[in-house]
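J.: Sequence and predicted structure below; questions after.
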Amino acid sequence: MPVPCSRCGTELLLHWHGPLMTGVWMELCPACDSGRPAARAFIQWYRNPDRDPKELPKLFEDWVTETMHAHGWVRAPEPDAPPGPPAALRVVP
């Protein structure tokens, strides 16, 4: 059953609850979102019959970031990885 866009009523390509604890409901609407760069790229990829599934994770992440930014959220930078233990030294005969 198609889900209509809450803004215009057009059938959504994707609807998703945003990141945990944000309360953001995310919609990808070809009519309402085609002016946003990440959403437009996702819509173009979705409509392309020769789309490369390897591109999906990046497109999805970019769309989520763009949508959350529109709701006033900003993605926190990735923390620096803690230094690992030193490599074990071995004596080779």
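T.: Perfect, I can see it now.
J.: Only C-alpha atoms from now on, for both contacts and neighbour counts.
T.: Will do.
J.: For this structure, give me the ranges with low pLDDT.
T.: Residue ranges of the chain with pLDDT under 70: 87, 89, 92-93.
J.: so what secondary structure elements neighbour the longest helix along it?
T.: Longest helix in the chain by number of residues, with DSSP state H as the criterion: helix 56-70. Using 3 or more Cα pairs under 8 Å, 6 or more residues apart in numbering; DSSP states H and E, the elements in contact with helix 56-70 are helix 37-47.
J.: Tell me the helices and strands packed up against the helix it packs on.
T.: helix 56-70.
J.: what's the burial count for Leu13?
T.: 17 (other Cα atoms under 10 Å).
J.: ok, now which ones touch it?
T.: Contacts here follow Cα atoms under 8 Å, 6 or more residues apart in numbering; on that basis Leu13 touches Glu27, Leu28, Cys29, Pro30, Ile43.
J.: do you know how far the spatially most central residue of the chain is from Val3?
T.: Geometric centre of the chain, nearest residue: Glu61, 2.4 Å, by Cα atoms, centre = their mean. Distance of Glu61 to Val3, given as Cα to Cα, to the nearest Å: 22 Å.
J.: got it, and Met21?
T.: Counting by Cα to Cα, the gap from Met21 to Val3 is 23 Å.
J.: Over to Val24?
T.: With Cα to Cα as the criterion, Val24 and Val3 are 17 Å apart.
J.: Asp80 too?
T.: For Asp80 relative to Val3 (Cα to Cα), the value is 40 Å.
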